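A.B. asks: Test case, fold it:
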Amino acid sequence: MDKKDCLEINLLEKTELWIEGIALQSARLDDISLQVAEALELEAREVMVVDVREDHIVLDVLRPVLKATQIAGKGKEILQRLSNLPGITLTPEAAIHSEGALGWVCLDQKDYESALEKASLMGKEIRERIAKRVIVFSTGFEVQEGLITDTNFPLIKERLSREGFSVVFGGILPDDKETIASRLQKALEEGFGLILTTGGVGAEEKDCTVEALLRVAPGAATSYIVKFEPGTGRHVKEGVRIAVGRAGISRIIALPGPTREVEVGVDRLLEGLERGWVEDQIAEHIAAGLREKWRRRHG
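C.D. replies: Sure thing, here's the model as predicted:
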């Protein structure tokens, strides 16, 4: 399938479609909605007539994201469909317009192909630019209180910068699931393609970074580095694990706190990104490297 056929358009709340030069006489609004919905390849319930005047009507499209092929160049078809309905008269000047992306319905075939090409290129450029924007968060009371120096961010910045990434520090997050999840969500909204956290992935009660990540990216892949018996010592969870999740076109990665482990994690993350791996492959690749390091250290 042509990539342009898969291009999705977010209507960004500009969901109204105006049809001007139309007169109604005992027309059925449900019939109008149905014909427009079918032209846009939508369910009947996803289009609604919201305003009727003497010379125009307004419809609302209730699906926020559409494929470009559902919209572009559909104006003539919509007008043709409506002209065949009883109780509807179209003037020679009848036209359709929208203040947002729905305005694509007015494009002819030539303009449609050109618009798709431009939108596809623009989308690719935006995705590439976002993919290179990185924000890094440290977590934990000991870092927040200045009890230990955060050596993770300088290492991550130096390593990723060498690979062409733009890296910023997001701050130190407390051991609080709600706060971490909220800040991760904000980073997504700020357009960071790679969001890294260090620390808070252990088996103690205070460790909640992975759980916070799962709130933002519920389908995230998690892989254990080492497992414990819950209830032994300070361990209240099954073990230490890392997480790699996706939200939209962004990835969120939760790494351990020790800097030597962060170094392994970042190197393996870059390998996974270079190879185009999906989240579970990257997560297991990172965890495998950390498990080997753990075994060498602890036997």
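A.B. asks: Quick one: name whatever helix or strand follows the host helix or strand of Gln70.
C.D. replies: Here Gln70 sits within helix 68-71, counting by DSSP states H and E. Downstream of helix 68-71, the first helix or strand assigned by DSSP H and E is helix 75-83.
A.B. asks: which parts of that following helix are buried?
C.D. replies: Buried residues in helix 75-83, defined by neighbour count with 16 or more other C-beta atoms under 10 Å: 75, 78-79, 81-82. Glycine gets a C-beta too; all of them are placed from N, C-alpha and C.
A.B. asks: just to revisit the earlier point, can you show me the CA trace of the helix holding Gln70 as CSV?
C.D. replies: Listed next in CSV are the C-alpha coordinates belonging to helix 68-71 (Å, rounded to 0.1, in the frame of the first residue of the first chain):
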residue,chain,number,x,y,z
ALA,A,68,-6.2,11.6,4.0
THR,A,69,-7.9,9.4,1.4
GLN,A,70,-11.2,9.7,3.3
ILE,A,71,-11.2,13.4,2.9
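A.B. asks: Buried residues, that helix. List them.
C.D. replies: Residues of helix 68-71 classed as buried by neighbour count (16+ other C-beta under 10 Å): 68-71.
A.B. asks: Let me have those in TSV, extended by pLDDT and distance to Ile57.
C.D. replies: Formatted as TSV, the buried residues of helix 68-71 follow (pLDDT from 0 to 100; distance: C-beta to C-beta, whole Å):
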residue	pLDDT	distance to Ile57
Ala68	73	24
Thr69	78	25
Gln70	83	20
Ile71	79	18
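A.B. asks: From those residues, pick the one nearest Glu128.
C.D. replies: Nearest to Glu128 among the buried residues of helix 68-71 is Ala68, at 19.6 Å by C-beta to C-beta.
A.B. asks: What distance do you get for the closest one to Glu99?
C.D. replies: Distance of Ala68 to Glu99, given as C-beta to C-beta, to the nearest Å: 18 Å.
A.B. asks: Ok, His56 next?
C.D. replies: From His56 across to Glu99, the span is 14 Å (C-beta to C-beta).
A.B. asks: again, but for Asp175
C.D. replies: In terms of C-beta to C-beta, Asp175 sits 46 Å off from Glu99.
A.B. asks: Who has more neighbours out of the two?
C.D. replies: Per other C-beta atoms under 10 Å, whichever of Asp175 and Glu99 has more neighbours is Asp175, with 20 against 11.
A.B. asks: Mind checking what secondary structure that one has?
C.D. replies: Secondary structure, DSSP: H, G, I helix; E, B strand; the rest coil: Asp175 is coil.
A.B. asks: Surely it and Thr197 touch.
C.D. replies: No. Asp175 is not in contact with Thr197 according to C-beta atoms under 8 Å; the separation is 11.7 Å.
A.B. asks: Kindly point out which residues are neighbours of both of those two.
C.D. replies: Taking C-beta atoms under 8 Å, 6 or more residues apart in numbering as the criterion, Asp175 and Thr197 both touch Thr139.
A.B. asks: circling back to that earlier point, between the buried residues of helix 68-71, which sits nearest Arg260?
C.D. replies: Distances from Arg260 to the buried residues of helix 68-71, taken as C-beta to C-beta, are shortest for Ala68 (47.7 Å).
A.B. asks: picking up where we left off before, same list, the buried residues of helix 75-83, but as TSV with distance to Ile22 and pLDDT please.
C.D. replies: Below are the buried residues of helix 75-83 laid out as TSV (distance: C-beta to C-beta, whole Å; pLDDT from 0 to 100):
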residue	distance to Ile22	pLDDT
Gly75	13	85
Ile78	11	92
Leu79	9	92
Arg81	12	95
Leu82	7	94
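A.B. asks: mind checking how far the residue lying closest to Ser83 once chain neighbours are set aside is from Gly21?
C.D. replies: Excluding its sequence neighbours, the residue lying closest to Ser83 (C-beta to C-beta, 6 or more residues apart in numbering) is Leu90, at 5.0 Å. Using C-beta to C-beta, Leu90 is found at 6 Å from Gly21.
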